[in-house]
Each structure stands twice: as C-alpha cells, then as structure tokens.
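J.: Fold the stuff below for me.
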Amino acid sequence: MARRTEEKKIIADEQIIELYWNRDENAIKETDSKYGKLLFRIAYNILNDICDSEECQNDTYLGVWNAIPPTRPTVFVAFITQIMRNTAINRYKSKKSKKNIPSDYTVTIDELYNTLQSEDSVIASYEAKELAGIISSYIKELSEKEQYIFVGRYYMADSVKTIAKELKLTESTVYKALDKIKIGLKNHLIGNGVNV
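T.: Below you'll find the model as predicted:
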C-alpha cells in the first residue's frame, strides 16, 4: 500500500492578513509556511550567519504580529520583506560596529553608492519617499529579467552567481545587465532632477 503524503495547503495573503487581524497565532505559521524561505534568504544575504538569520526571521514574525493590526498591508509580501530587511540591516549594523563581518549587503550598497553619490546628499535634496517613487518608476520600465536582476541584487542582496544560476545566465551577462541598469538608473534620476 502506497503511503499518501499530505500536502500543506498554502493560503492566500488576504487570508493570512485576516488571521493576524483576528489575533490568530496560525498567522505566523502560515506566514512561515509561505514566506519563511524567502525571509531567511534576505536575512542570510545580509548577515551571512544562520543563527542571526533565524533570529531575524523570528523578530520579523513578531514585528508583523505587532504591526497587523492596525496596519492592513495591501501587498503582504512587500510588507513582510521590508520588515525583514530592516531587522536584518539593524542586526548587521549592530554586529558591524563590534567587528568586521562578511556580507553581500556591503557589496550591493557599495555598488549603488557610486550611482547615487553626489556632493549634495540625495536624501537632503529629496525626501526618501520621493526618491523611492522615482526609483520604483524606473524599475517598472525594466524588462522582467532586468527587474529580477535589480531586485535580486539590490533588495535581496543575492550574489551575482546566485542570480546567474536562477536565470540560467552567465555571471558576465548578469554583471553587464547590472552595469546597464545602474547607468539607466543614474540617467533616470538625473532626468527627474536628482543630483547624482
């Protein structure tokens, strides 16, 4: 007799949000089931440490629990990944002030720094929200593959090797795409009046 394996049913984001809203602890289990690997990946790419990444994942679940309600996110995955990024970045900064730790996060920030660097601080010239909107409008103009590369590298802090493997491209192709994207972003920022 063949043994039947039970498949875990993944529920919709709206249902997960409703669980949080109703203070149902299953909300955390459902979030972990659906997005646990993604959240861990974001943390690990920033921290390069399994234990710290797992702690950030737990802190993220607590952060989501505390935020919903009163917040009702419109895009749940963006909401939780932002909480995870902030949690992991704060942990990274805390550890970095104590000692030197390896991280893809440092590399990705350094890569974008040259694109956004100016004598007048970009943040001082524009509110962060306005700048984010300008960058978002640029990302929407990219092809699906270029969006994947940009988000993978600068939001997820994935290595070029990982992105190349996932897209079945050479690392050289990904590097060229990143260079093209950074030049395009710089031109887009200049075109929108941002001093870079």
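J.: Can you pull the poorly scored residue ranges out of this structure?
T.: Within the chain, the stretches with pLDDT under 70 are 1-8, 97-129.
J.: Which residue ranges make up the domains of it?
T.: 13-98, 104-191 (automatic domain parsing).
J.: Can you tell me which of these is packed in deepest?
T.: domain 13-98 (a mean of 17; mean count of other CB atoms under 10 Å). C-betas here are computed from N, CA, C, even on glycine.
J.: Run the chain-centre distance for it.
T.: 11 Å (CA atoms, centre = their mean, to the nearest Å).
J.: what's the answer for stretch 143-150, then?
T.: That offset, for stretch 143-150, works out to 14 Å (CA atoms, centre = their mean).
J.: all helices for the protein, in order.
T.: In the chain, the segments counted as helices under DSSP state H are 13-21, 26-47, 50-67, 76-98, 104-116, 122-125, 128-141, 144-154, 160-167, 171-191.
J.: Apart from its neighbours in sequence, what residue is nearest Asn192?
T.: Ile134 (4.9 Å; CB to CB, 6 or more residues apart in numbering).
J.: thinking that neighbour is in contact with Val194, fair?
T.: Yes - using CB atoms under 8 Å, Ile134 makes contact with Val194 at a distance of 6.6 Å.
J.: one step back: what residues are up against the residue nearest to Asn192?
T.: 126, 188-189, 192, 194 (CB atoms under 8 Å, 6 or more residues apart in numbering).
J.: Out of those, the closest to Tyr175 would be?
T.: Of all those, Tyr175 sits closest to His188, with 20.1 Å by CB to CB.
J.: From what I see, the closest one and Tyr138 are in contact.
T.: Yes - His188 lies in contact with Tyr138 (CB under 8 Å); the separation is 4.2 Å.
J.: OK, contacts around the residue nearest to Ile163 when sequence neighbours are not counted?
T.: Leaving aside its sequence neighbours, Ile163 sits nearest to Gly152 (CB to CB, 6+ apart; 4.6 Å). Taking CB under 8 Å, 6+ apart, we find Gly152 in contact with 158, 162-163, 166.
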